[in-house]
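**Student:** turn this into a model:
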Amino acid sequence: MSEKILELVRKRQKLWKHYLIILSIFSFLMFILSVRIGVMQISYGEIFWVLLKKLNLAYGSYNVKEAEEFVIVNFRFPRAFMSMLVGAALAAAGCIFQAVFKNPLADPYVIGVSAGAALGAALAIVLGLSIILPGMSAITSTAFLFSLLTIYAVYRLASVNGSIPVTTLLLAGVMVSIFLSAIVSTLMVVAGKELHMLIFWLMGGFSYARWPYVYVATPIIIPCIILTFLFSRRLNLLLLSEEEAQQLGVDVTKSIKGFLVLGSLLTAAAVSTSGSIGFIGLIIPHMMRILVGPDHRILLPSSILAGTIFLTLCDILARVVFMPTELPVGVITALTGGPFFLYLLRKGKGSYVF
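**Tutor:** Sure thing, here's the model as predicted:
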């Protein structure tokens, strides 16, 4: 019997490895496709040559015009990197919050991070309030700081004698989000000529993504993802009851606090640099859970890779649907992600393991 179980585990491990390899390949292909597509037509050869040149691996010469190289390096590369970073951050944060709250409907915005960032951006756009952080624009800086302030406020409201009951935290996050969203709606009424810019930011996108955004987001997102992966076993244990988790040597309160900080930082970094892009943190963990199961040691990297693929694809569609006019990426994620997720649920015939 034990040999059969071991054989089954080996087969599943091989299947997981295949999933990760396939997702990694598609992630790289989405990056190249994102760099290629735009108003200026650029060939794959030019992309690879410029990429190798920047890595100091290019030899000889290639017929790349100076204008094309400038567009590739200063516009296409940072935009592709940002879409992948934000997709990875939101997918990882979705895995964290769904595990912590033990709720498949939880997403990265559940404790008010997005609402806080939206308020900061709205204040910066409408009232001219600007907080400049190194490498970040006034809107991004203000959005990031307001998202952190919102997280702190929600934590304080939900804290009870040093512990943070998950249900209380969830309710506090929802109420704070509703309150802040009401303030944002008021600012939209008085916005005047800035209304279009505010609405476009709230819908999310990467049209303004440049290298400073990558330099600011990367030192926050990558370490948080690495730490989450290193402690992914604890995410599995948090799905158990509190008594069972403690018996297995997990300090539930400290683990929940740590994962909430990681998830909040991931979400704050993503939202402040790209706007409020919905559905990624909700549907990507669902999709991957259906494919690879609930083990976060596999679910987390699978979701991160799938998040980079899906958001980069949505960014590409946002550019080409009404080219040269660009749609907000948040609209594309909702239009494409929702129906596809419903299709997966229908195909699974209601079978779902959390």
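**Student:** please, where are all the strands along the stretch 201-350 of the chain?
**Tutor:** In the stretch 201-350 of the chain, no strands are defined using DSSP state E, counting those that start in this stretch.
**Student:** shaky segments in it?
**Tutor:** For the stretch 201-350 of the chain, applying pLDDT under 70 flags the ranges 242, 245, 248, 341, 344-345, 347-350.
**Student:** could you measure from residue 244 over to residue 250?
**Tutor:** 9 Å (Cβ to Cβ, to the nearest Å). Just so you know, the C-beta spots here come from the backbone N, C-alpha and C atoms, and that holds for glycine as well.
**Student:** between the two, what contacts are shared?
**Tutor:** residue 237 (Cβ atoms under 8 Å, 6 or more residues apart in numbering).
**Student:** show me which of those two is the more surrounded one.
**Tutor:** residue 250 (20 against 12; other Cβ atoms under 10 Å).
**Student:** number of residues surrounding the closest residue to the more buried one other than its chain neighbours?
**Tutor:** Leaving aside its chain neighbours, residue 250 sits nearest to residue 237 (4.9 Å; criterion: Cβ to Cβ, 6 or more residues apart in numbering). Look at residue 237: counted by other Cβ under 10 Å, it has 19 neighbours.
**Student:** ok, residue 237 touching residue 251?
**Tutor:** No: at 10.6 Å, residue 237 and residue 251 do not qualify as touching, with contact defined as Cβ atoms under 8 Å.
**Student:** what do those two both touch?
**Tutor:** By Cβ under 8 Å, 6+ apart, residue 237 and residue 251 have no common neighbours.
**Student:** checking the residue sitting nearest the centre point of the chain next. Helix, strand or coil?
**Tutor:** What sits nearest the mean C-alpha location of the chain, by Cα atoms, centre = their mean, is residue 90, with 2.0 Å. Classification of residue 90 using DSSP: H, G, I helix; E, B strand; the rest coil returns helix.
**Student:** tell me how far it lies from residue 333.
**Tutor:** Distance from residue 90 to residue 333, counting by Cβ to Cβ: 10 Å.
**Student:** what sits in contact with each of those two?
**Tutor:** 277, 280, 311.
**Student:** now those as TSV including neighbour count and distance to residue 201?
**Tutor:** Shown next, in TSV, are the shared contacts of residue 90 and residue 333 (neighbours: other Cβ atoms under 10 Å; distance: Cβ to Cβ, whole Å):
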residue	neighbour count	distance to residue 201
277	30	11
280	31	17
311	34	17
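**Student:** got JSON lines for those, with distance to residue 225 too?
**Tutor:** Rendered in JSON lines, the data for the shared contacts of residue 90 and residue 333 read as follows (distance: Cβ to Cβ, whole Å):
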{"residue": "277", "distance to residue 225": "17"}
{"residue": "280", "distance to residue 225": "14"}
{"residue": "311", "distance to residue 225": "15"}
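**Student:** looking at those residues, which is nearest residue 302?
**Tutor:** Nearest to residue 302 out of the shared contacts of residue 90 and residue 333 is residue 280 (Cβ to Cβ; 14.1 Å).
**Student:** which ones are touching that closest one?
**Tutor:** So residue 280 contacts 86, 87, 90, 91, 94, 108, 307, 310, 311, 333, 337 (Cβ under 8 Å, 6+ apart).
**Student:** redo that, cut-off 7 Å
**Tutor:** 87, 90, 91, 307, 310, 311, 333 (Cβ atoms under 7 Å, 6 or more residues apart in numbering).
**Student:** which non-adjacent residue is nearest it?
**Tutor:** residue 90 (4.0 Å).
**Student:** right, and that neighbour touches residue 269 too?
**Tutor:** No: using Cβ atoms under 7 Å, residue 90 is not in contact with residue 269; the gap is 10.0 Å.
**Student:** model confidence over the helix or strand hosting residue 140, on average?
**Tutor:** Using DSSP states H and E, residue 140 sits in helix 138-158. The average of the pLDDT scores along helix 138-158 is 88.
**Student:** quick one: buried residues of the helix or strand that that helix is followed by?
**Tutor:** Of the helices and strands lying after helix 138-158 in sequence (DSSP H and E), the nearest is helix 166-189. By 16 or more other Cβ atoms under 10 Å, the buried positions in helix 166-189 come out as 166, 169, 170, 172, 173, 176, 177, 180, 184, 187, 188.
**Student:** the last one and residue 208: what is the separation?
**Tutor:** Pointing back at residue 188 there. In terms of Cβ to Cβ, residue 188 sits 20 Å off from residue 208.
**Student:** the first one now?
**Tutor:** Using Cβ to Cβ, we find residue 166 at a distance of 36 Å from residue 208.
**Student:** contacting residues around stretch 32-47?
**Tutor:** 62, 64, 68, 71-72, 76-77, 79-80, 83, 312, 315-316, 319-320, 323-324.
**Student:** and stretch 239-247, by the same measure?
**Tutor:** 99, 102, 237, 238, 252.
**Student:** alpha carbons only: can I get that stretch in CSV?
**Tutor:** Extracted as CSV, the C-alpha positions of stretch 239-247 are listed here (Å, rounded to 0.1, in the frame of the first residue of the first chain):
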residue,chain,number,x,y,z
LEU,A,239,-5.6,25.8,6.5
LEU,A,240,-6.0,23.4,9.4
SER,A,241,-7.7,24.3,12.6
GLU,A,242,-5.8,26.5,15.0
GLU,A,243,-5.4,23.6,17.5
GLU,A,244,-4.0,21.3,14.9
ALA,A,245,-1.6,23.9,13.5
GLN,A,246,-0.2,24.6,17.0
GLN,A,247,0.2,20.9,17.7
